[in-house]
Every structure is written in C-alpha cells, then in structure tokens.
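J.: 3D model of this:
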Amino acid sequence: MLIAGLLLGLQGLALAAEAGGHGHELNWKDFLFRVMNFAIMAAILIKLLKKPMAKYFASRREDIQKMLADLELKKQEAEQKCAEYKAKLAALEEETQKIVSEYVQEGEMERAKILEAAERQAAYIKEQADLSIQQEIKAAKDSLQKEVGELSVTAAEEILRKNMQSDDQERLVRDFMTKVVEAK
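T.: Sure thing, here's the model as predicted:
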C-alpha cells in the first residue's frame, strides 16, 4: 500500500514537473528532497498510526465477529422459539381435537339421556293413557250395567204388573215373610 502511494506520488510529481517546466529540465535535487520528505512523512505516519489502526481494525473485527456471533445466537434462539411454537401449535391442535371429541362424546351421552328420558316419559304417558282408558271403559261398563239394570228392573216391573195376578202376589208375600223369619 505504501509502495502504491509512493508510485502514485512520484508519477504525479513527474507529470507536474514536465507540464509546468515546458521543456525545462527536471530538478533532480529538488525532486529527491520531495521524495525523501514524502518517504519520511509516510514512515512517521505509518509508525504513529500502525498501532491505533491495528487496534481499530482488530477492534472492528472483534465487534463484527461478536455481532455475527450475537446474530447467530439470536437466529438459533429464534429457530428454537419457532420450533417451540410449532410444537405448541401442534399440541394445541391436538388438545382442540381432544376437547371437540370430548364435547361430541358428551353431546352424544346427553342425547342418549334425553332420548331415554323421553322414552320413559312416553311410556309413562302411554301407561297413564292406558289406565285412563281402562278406567273410562270400566266407568262406561258400570254406567251401562247400571242403566241396563235399571231398564231391566223397569221392564221386569212392567211385565210383572201386566202378568201378575192376585195368587201370585200372595205367594210372593208368603215367600218373603218366610225368608225374613228365617233370616232372624
């Protein structure tokens, strides 16, 4: 780098001397002093700036390496978190499926309970209806029997009135009295 700077400086001087002199000869002594002056100045700058520049570049390299290491660590942490979140998401999906399945199962059980209760209620209602029907039939039969009995008695009375004669009446009274006396 120093050599490149020196060559560029010399070339610049040579061009300046050639253009500015218009055919004059180059003053080698002045040129040599200028080159030596430049070389001394470059050596002093190199001597003075070598350690700070080396420290700066070393520090800069360390900072960059540290930054890259931090970025790599952050990348690994991000990948780890990503993996954790994916695992949590998968677990969440599994848990969701489990909960849905439990609710479906509970719903089916509740449905079965409701159907069973409805069937029991329907059986009870049917049983009550059957009992009610039987009671209505019995009441209707009793009412019909009573009515038939009343009609039969009425019909029998009429037949007896039409067909009964005085000896039949006497005989009936005697039979009745005999039964009353025996019953005592």
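
J.: which strands and helices sit next to whatever helix or strand residue 143 lives in?
T.: Applying DSSP states H and E as the criterion places residue 143 in helix 28-163. Here helix 28-163 touches helix 2-21, going by 3 or more C-beta pairs under 8 Å, 6 or more residues apart in numbering; DSSP states H and E. Any C-beta I mention is one placed from the backbone N, CA and C, and that applies to glycine too.

J.: Please tell me how far the residue nearest the centre of the chain sits from residue 85.
T.: The centre of the chain sits closest to residue 96, judged by C-alpha atoms, centre = their mean, with a distance of 4.8 Å. The spacing between residue 96 and residue 85, counted by C-beta to C-beta, to the nearest Å, is 16 Å.

J.: can you check residue 161 too?
T.: Between residue 161 and residue 85 the computed distance is 110 Å (C-beta to C-beta).

J.: More neighbours: the two, which one.
T.: residue 85 (11 against 8; other C-beta atoms under 10 Å).

J.: what about the helix or strand where residue 181 lies, average pLDDT?
T.: Residue 181 belongs to helix 166-183 when assigned by DSSP H and E. Per-residue pLDDT over helix 166-183 has a mean of 78.

J.: which parts of that helix are buried?
T.: When burial is assessed from 16 or more other C-beta atoms under 10 Å, helix 166-183 yields no buried residues.

J.: Run the chain-centre distance for stretch 170-184.
T.: Distance of stretch 170-184 from the chain centroid (C-alpha atoms, centre = their mean, to the nearest Å) equals 97 Å.

J.: what's the answer for stretch 151-163, then?
T.: Mean-position distance between stretch 151-163 and its chain equals 89 Å (C-alpha atoms, centre = their mean).

J.: So for that stretch, mean pLDDT?
T.: Per-residue scores along stretch 151-163 average to 77.

J.: Kindly report the same for stretch 133-145.
T.: Mean predicted confidence for stretch 133-145 is 87.
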